[in-house]
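Asks: sequence and predicted model, in that order:
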Amino acid sequence: MQEAEREGNLLFPVFLKLEELNLLVVGGGFIGMEKMSAVLKNSPATHVTLVGIIISEEIKEFVKEYPNVTLVERAFLETDLDGKDIVIAATSDRALNAYVKQEAKKRKVLANIADTPDLCDFYLGSIVKKGDLKIAISTNGKSPTLAKRMRQFFEEHLPDSTQLLLDNLTNIRNQLGGAFEEKVNRLNEITSSFLSQQEKAPSPPTIKESENLTPDTK
Ligand SMILES: C[C@@]1(CC(=O)O)c2cc3[nH]c(cc4nc(cc5[nH]c(cc(n2)[C@H]1CCC(=O)O)[C@@](C)(CC(=O)O)[C@@H]5CCC(=O)O)C(CC(=O)O)=C4CCC(=O)O)c(CCC(=O)O)c3CC(=O)O
Ligand SMILES: NC(=O)C1=CN([C@@H]2O[C@H](COP(=O)(O)OP(=O)(O)OC[C@H]3O[C@@H](n4cnc5c(N)ncnc54)[C@H](O)[C@@H]3O)[C@@H](O)[C@H]2O)C=CC1
């Protein structure tokens, strides 16, 4: 293995068919809402159960549109994990969040523990969506704010014609006959000039010298 492969971000991104899985969210406050809405914005038919001692009015209002979301207003019980595939723990009780992870591990349920990256089996990313194109951004847990800014950058700069391009390529892909290798060669040919045809995107925003945040400045 190359030394470079052992460095930097070692997380492995996948695109889950979440709508076919059962998700438990523990915590009915601001972050429970943030994580659940991130899920439903992308995969609106996901079966979600949200358990919280107190569930915010914002969450109660938000889920009215989602018959696939069940709210349970009480403290977490380990049996809440029964039949679940994934859990996101977003309570204000750090020890409880760690307990959720412990119980999830016993049941082989994948866990995201919002206040403790070390206890997470996976992180949520910032998500850019242009029609069928989706880009997930990770900073390896180093700066969720930068992930958010990168999302905004791509949202602004990806051309609206992206979906048209995708639709055209799907049509061509479906119409191409011949052997697999021939198809690959043809699709590579068709798309070879794609990037050079695009308008050169402006550079990402830079931090002014005076604001330059280095590890030894606050
Ligand atoms: C490790 C990870 C685990 C996970 O949650 O999955 C994690 C952990 C933590 N986040 C914290 C803080 C903030 N998180 C956000 C926002 C987002 N956080 C998201 C993901 C992740 N956050 C995972 C790593 C992702 C990566 O690798 O980059 C995003 C991308 C996705 C989503 O949540 O859907 C979403 C942006 C979505 C978008 O807008 O595109 C903001 C900014 C804001 O809200 O405006 C802040 C405040 C500013 C700041 O800290 O930067 C804290 C400290 C809590 C405290 O201090 O109490 C922890 C815990 C810790 O680090 O110890
Ligand atoms: N990963 C991320 O992106 C971020 C994570 N956080 C972390 O998320 C955590 C939650 O923050 P907020 O939602 O703002 O807090 P909050 O106070 O708004 O909500 C906490 C929720 O946890 C519930 N709760 C507490 N004990 C419980 C129990 N035993 N069983 C079930 N529910 C219980 C409460 O009833 C409430 O609904 C904090 O620990 C914070 O550090 C904060 C910001 C971003």
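Replies: Arrived safely, thanks for sending. Ligands and ions are numbered 1, 2, ... in the order given.
Asks: ok now do the residue of the chain found nearest ligand 2, which residues does it touch?
Replies: For the chain and ligand 2, the shortest gap (Cβ to the nearest ligand atom) falls at Gly29, measuring 1.9 Å. Every residue, glycine included, has its C-beta placed from N, CA and C. Gly29 makes contact with 52, 54, 56, 90-92, according to Cβ atoms under 8 Å, 6 or more residues apart in numbering.
Asks: and if you look at Ile88?
Replies: Counted by Cβ under 8 Å, 6+ apart, Ile88 has contacts 23-26, 32, 35-36, 39, 111-112, 114, 124.
Asks: one more time with 6 Å
Replies: Ile88 makes contact with 25, 35, 112, according to Cβ atoms under 6 Å, 6 or more residues apart in numbering.
Asks: and it, which of the three is it?
Replies: With DSSP: H, G, I helix; E, B strand; the rest coil as the basis, Ile88 sits in strand.
Asks: now the helix or strand encompassing Glu156 - C-alpha only, PDB.
Replies: Secondary structure from DSSP states H and E places Glu156 in helix 144-157. Output of helix 144-157 as PDB, limited to C-alpha atoms (Å, rounded to 0.1, in the frame of the first residue of the first chain):
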ATOM      1  CA  PRO A 144     -18.400  21.000   9.200                       C
ATOM      2  CA  THR A 145     -18.600  24.700   8.500                       C
ATOM      3  CA  LEU A 146     -16.100  24.300   5.600                       C
ATOM      4  CA  ALA A 147     -18.300  21.300   4.400                       C
ATOM      5  CA  LYS A 148     -21.300  23.700   4.400                       C
ATOM      6  CA  ARG A 149     -19.400  26.400   2.600                       C
ATOM      7  CA  MET A 150     -18.200  23.900  -0.100                       C
ATOM      8  CA  ARG A 151     -21.800  22.800  -0.600                       C
ATOM      9  CA  GLN A 152     -22.900  26.400  -1.100                       C
ATOM     10  CA  PHE A 153     -20.000  26.900  -3.600                       C
ATOM     11  CA  PHE A 154     -21.000  23.900  -5.700                       C
ATOM     12  CA  GLU A 155     -24.700  24.800  -5.500                       C
ATOM     13  CA  GLU A 156     -23.900  28.200  -6.900                       C
ATOM     14  CA  HIS A 157     -21.400  27.100  -9.600                       C
END
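Asks: for it, packing partners?
Replies: strand 126-130 (3 or more Cβ pairs under 6 Å, 6 or more residues apart in numbering; DSSP states H and E).
Asks: quick one: mean pLDDT over the strand it packs on.
Replies: Averaged over strand 126-130, pLDDT sits at 96.
Asks: next helix or strand past it?
Replies: Strand 126-130 is succeeded, C-terminally, by strand 133-137 (DSSP H and E).
Asks: confidence score at Asp160?
Replies: For Asp160, the predicted pLDDT is 87.
Asks: now Gly178
Replies: 85.
Asks: now it. Nearest residue, chain neighbours left out?
Replies: Closest residue in space to Gly178, ignoring its immediate chain neighbours: Arg186 at 7.8 Å, by Cβ to Cβ, 6 or more residues apart in numbering.
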